[in-house]
Structures are given as structure tokens and as C-alpha cells.
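Novice: Fold the stuff below for me.
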Amino acid sequence: MKDLSIWEKILISLKFNNSISHNIFLFILYLSIVIFTIIALSYIKIKILAYNKYGEKQKKSIVFIAMLTFWMVVFPLGLFLIIDVSMMNEGSAAALDKALIYEINGHSVLTLL
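Specialist: Just a heads-up that it's a prediction; the model follows:
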């Protein structure tokens, strides 16, 4: 396998693969992004309606949305990518169907059934 650039590793990390734990964390990440989007859009809608109705301009809403963005999207996404990309270099193991691996005299032996 060729050496991948960091961008290629990130793109691979954001796709579902054969690892169950990777897929679970990726699903949770995508779900949190969807939940954040729904919350942020409803919050913005409420603030726009309140601004149009009362003519008030509120600066705190921008800070709230920025904090919500960080804690619901940026932080989990960054943490997931750091862990997944760093673990990508540590080794690659693949599940083999009908394979038996054993050790004889200190040497690993693979037998396909």
C-alpha cells in the first residue's frame, strides 16, 4: 500500500469500512452533525422571527451558535479524525474467511480452509 497523504487519510476515515467500531463512531459523528444542524437552524429561525417581530438585535446568539458548533461538530470530528488517522499507520489487519493462523517453532503459519 502506498503512503497516503493526510488528505487521503481523512477521506478514507470519513467512509464506512469493515471495522465495526469505526462505523459506530462514524455513525454517531454523522448523527451529531445532523442533530446540530437541526438545532442551529431552528435556533436561527427563532431569532430571525424574534428580530422581525420585536426589532431586537441580539449578539449573544452568535456566541451561542459558535459554542454549539464547537462542542457538537468540530470537537468530535477533530477527535475522531486525529484518532483514526493516527491509528491508520499502526497496522492493517483484514478478516479472512475460513483461515486458521497458528504458530510453529516461533513462526506464524496461515492455512486457508
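
Novice: any weak-confidence spans in this structure?
Specialist: 1-2, 51-62, 89-97, 113 (pLDDT under 70).

Novice: Go through the chain and flag its longest helix.
Specialist: helix 20-54 (DSSP state H).

Novice: Enumerate every residue touching Asp84.
Specialist: Ser13, His22 (C-beta atoms under 8 Å, 6 or more residues apart in numbering). Every C-beta, even on glycine, is put in place using the N, C-alpha and C of the backbone.

Novice: sorry, back to before: give me the helices and strands touching the longest helix of the chain, please.
Specialist: If you count contacts as 3 or more C-beta pairs under 8 Å, 6 or more residues apart in numbering; DSSP states H and E, helix 20-54 packs onto helix 60-69, helix 75-88.

Novice: so which of these comes closest to Ile10?
Specialist: Nearest to Ile10 among these is helix 75-88 (5.9 Å), distances taken as C-beta to C-beta.

Novice: Tell me the buried residues in that closest one?
Specialist: Pro76, Phe80, Leu81, Asp84, Val85 (16 or more other C-beta atoms under 10 Å).
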